[in-house]
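Asker: Pasting a predicted model and its sequence here:
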Amino acid sequence: MSKISEIREKAAAYRDKTAENLSAMVKIPSLSCEEEAVIQEIARQCREAGFDEVRVDGLGNLIGRVGHGPKILAIDAHIDTVDVGERKLWDFDPFSGEIKDGYVLGRGSADQEGGAAAMVTAGRILKELGYDGEYSVYFTFTVMEEDCDGMCWNYIIEKEKLIPDFAVSTEPTNLNLYRGHRGRMEFEIHFHGLSCHGSEPERGDNAIYKAARFALEVEKLHKRLKPDEFLGKGSVTASLCQSSSPSLCSVSDYCRLYLDRRLTWGETKETATAELQEFLPDGAEITIPVYERKSYKGTVFTQEKYFPTWKIPETHPLVQAGANAYRSLFEGEPKIDKWTFSTNGVAICGKHKIPVIGFGPGNEVLAHAPNEKTPVAHLEKASAFYAALPYMLEKGGKE
């Protein structure tokens, strides 16, 4: 029996186990900076699966390894989730982890603990196959991504000195093969005015009006942005406006505008900042926020909120290995595409230039949405894909 056939059979045999592992994760709330309990559960699953190494790094990421090869393939899932929002919008308990009608239900099932559960099974399959090839396969279960995408991987690369040759993000792709996405950044624009009594506003200088005029220019800027042929168009929008004044009967003396900027190929921190400066009023300032929350381990690893755009060519050996793994396992052609949202790829590839592909269970349209769920069939296929990939990489993508 070929390795691909063995992988396919083992993934099917562990289908229910993979779903049960995901169910156990979903039952544990795991907001950013509050992931310790789910990290412990996933560590237990990895040890049960027979991983060669299971450890937690200084930030709180769980790092598992199978194999001892000189090259490194990293397969990544962030295991923190967003909150549930309005409970009345859910048809079921967001933390039930119920397995029903071929789905695992609950917050994080798609974004993106489904990928994590499939990774655990992939590690188990590789161990049972006695994988001893060219790659050390590192399975990384990372923290704080929802708060600050990529920061966890900046820590792994810069502090832990774990530098992969290739990486896979298991964010939901609906079992499509992805090779990039837009970057993003956040801006704070600070406007200063002069307060006076609201009965004679002409004596003052209203900071809200300055912010309002600027916001209308931002709206025009969005319409002028040019698309990339693969990643599409960047975007910019005002997402928050806060002001202050001595009283509700006073002219505002300060206003802060928050901008969400999505960056397509060729757009950078420098170009996006320069665009805003063209219509920035005198006395106003542009700043880029810095993320500095403590992880659940008490570690602070600061990062400017700039997340670079990335893509790799369809002809890249990693993309081709992924496509060949898909063809061999599932006897069809993969759809090669991109995410609409941002992932840890902003650090791995965007900043550190390490090639990344995406392949994950679940549909990205359910990310951050009520009634989140992931098909059990996706979990089975994803676990097979992750187990097959190192074999495909070793021989030019051929079995």
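Answerer: In hand now; what should we look at?

Asker: doesn't residue 256 make contact with residue 207?
Answerer: No - Residue 207 is beyond contact range of residue 256, at 9.0 Å (criterion: CB atoms under 8 Å). C-beta coordinates here come from the backbone N, C-alpha and C atoms, glycine included.

Asker: shared neighbours of the two, which are they?
Answerer: Common neighbours of residue 207 and residue 256 (criterion: CB atoms under 8 Å, 6 or more residues apart in numbering): 191, 243.

Asker: Among those two, which residue is more densely surrounded?
Answerer: Neighbours per residue (other CB atoms under 10 Å) separate residue 207 from residue 256, with residue 207 holding more: 25 against 16.

Asker: give me the low-pLDDT residue ranges for this protein?
Answerer: For the chain, applying pLDDT under 70 flags the ranges 1, 396-399.

Asker: Show me it divided up by domain.
Answerer: 3-181+309-394, 183-291 (automatic domain parsing).

Asker: right, so the ones you listed: which one is the most enclosed?
Answerer: Compared across the domains of the chain, domain 3-181+309-394 shows the largest average neighbour count, a mean of 21 (mean count of other CB atoms under 10 Å).

Asker: distance between that one and the chain's centre?
Answerer: Relative to its chain's centre, domain 3-181+309-394 lies at 11 Å (CA atoms, centre = their mean, to the nearest Å).

Asker: How about stretch 198-206?
Answerer: 46 Å.

Asker: and residue 41, what does it touch?
Answerer: Contacts for residue 41 (CB under 8 Å, 6+ apart) come out as 24-25, 28.

Asker: just the residues you listed now: which is nearest residue 354?
Answerer: residue 25 (26.3 Å; CB to CB).

Asker: sorry, back to before: distance to residue 301 added to the domains of the chain, as a markdown table?
Answerer: Below are the domains of the chain laid out as a markdown table (distance: least, CB to CB, whole Å):
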| stretch | distance to residue 301 |
| --- | --- |
| domain 3-181+309-394 | 5 |
| domain 183-291 | 9 |
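
Asker: and the nearest residue to residue 222 once chain neighbours are set aside, what element?
Answerer: Sequence neighbours aside, residue 236 is the residue nearest to residue 222 in space, at 5.0 Å (criterion: CB to CB, 6 or more residues apart in numbering). Taking DSSP states H and E as the definition, residue 236 sits inside strand 235-244.

Asker: name the helices or strands packed onto that strand?
Answerer: With contacts taken as 3 or more CB pairs under 8 Å, 6 or more residues apart in numbering; DSSP states H and E, strand 235-244 sits against helix 207-224, strand 254-263.

Asker: Now do it against strand 254-263, angle only.
Answerer: Interaxial angle of strand 235-244 relative to strand 254-263 (axes from the mean of the first three to the mean of the last three CA atoms, to 10 degrees): 160 degrees.

Asker: and strand 235-244 with helix 207-224, angle?
Answerer: Orientation check (the same axes, to 10 degrees): strand 235-244 against helix 207-224 gives 180 degrees.

Asker: Show residues contacting strand 235-244.
Answerer: Outside strand 235-244, the residues that reach it (CB under 8 Å, 6+ apart) are 207-208, 211, 215, 218-219, 221-222, 225, 252-262, 272.

Asker: ok, residue 197 touching residue 246?
Answerer: No - assessed by CB under 8 Å, residue 197 is found out of contact with residue 246, at 9.1 Å.

Asker: Let me see the ranges of the helices in the protein.
Answerer: Per DSSP state H, the chain carries helices over the ranges 3-13, 15-26, 36-49, 113-128, 151-158, 207-224, 269-277, 317-330, 345, 376-394.

Asker: In JSON lines: the ones you listed, plus distance to residue 366.
Answerer: Listed next are those as JSON lines, based on distance: least, CB to CB, whole Å:
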{"stretch": "helix 3-13", "distance to residue 366": "22"}
{"stretch": "helix 15-26", "distance to residue 366": "13"}
{"stretch": "helix 36-49", "distance to residue 366": "19"}
{"stretch": "helix 113-128", "distance to residue 366": "10"}
{"stretch": "helix 151-158", "distance to residue 366": "22"}
{"stretch": "helix 207-224", "distance to residue 366": "26"}
{"stretch": "helix 269-277", "distance to residue 366": "30"}
{"stretch": "helix 317-330", "distance to residue 366": "22"}
{"stretch": "helix 345", "distance to residue 366": "20"}
{"stretch": "helix 376-394", "distance to residue 366": "12"}
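
Asker: Looking at those helices, which is nearest to residue 92?
Answerer: Closest approach to residue 92 among these (CB to CB): helix 15-26, 11.0 Å.

Asker: The residue nearest to residue 121 when sequence neighbours are not counted and residue 14: what is the separation?
Answerer: Of all residues not flanking residue 121 in the chain, residue 383 sits nearest, at 3.8 Å (CB to CB, 6+ apart). Distance of residue 383 to residue 14, computed by CB to CB, to the nearest Å: 7 Å.

Asker: Need the residues touching each of these two.
Answerer: Here residue 383 and residue 14 have 121, 125 as joint contacts, going by CB under 8 Å, 6+ apart.

Asker: any idea how far residue 25 is from residue 92?
Answerer: Note on residue 92: its distance to residue 25, by CB to CB, is 16 Å.

Asker: picking that back up, you'd agree the residue nearest to residue 121 is up against residue 122?
Answerer: Yes - using CB under 8 Å, residue 383 makes contact with residue 122 at a distance of 4.8 Å.

Asker: my guess is residue 300 contacts residue 291, does it?
Answerer: No - counting by CB under 8 Å, residue 300 sits too far from residue 291 to count as a contact (9.6 Å).

Asker: Give me the contact list for stretch 364-374.
Answerer: With CB under 8 Å, 6+ apart as the contact definition, stretch 364-374 has outside contacts at 22, 82, 84-86, 89-92, 94, 103-112, 114, 171-174, 339-341, 361-362.

Asker: Backbone dihedrals for the closest residue to residue 199 other than its chain neighbours, please?
Answerer: Computed as CB to CB, 6+ apart, the closest residue to residue 199 that is not its neighbour in sequence is residue 249, at 7.5 Å. Dihedral pair for residue 249: phi -110, psi 30, per degrees, to the nearest 10.

Asker: tell me the contacts of residue 249?
Answerer: Residue 249 is in contact with 197-199, counting by CB under 8 Å, 6+ apart.

Asker: Fine by me, thanks again.
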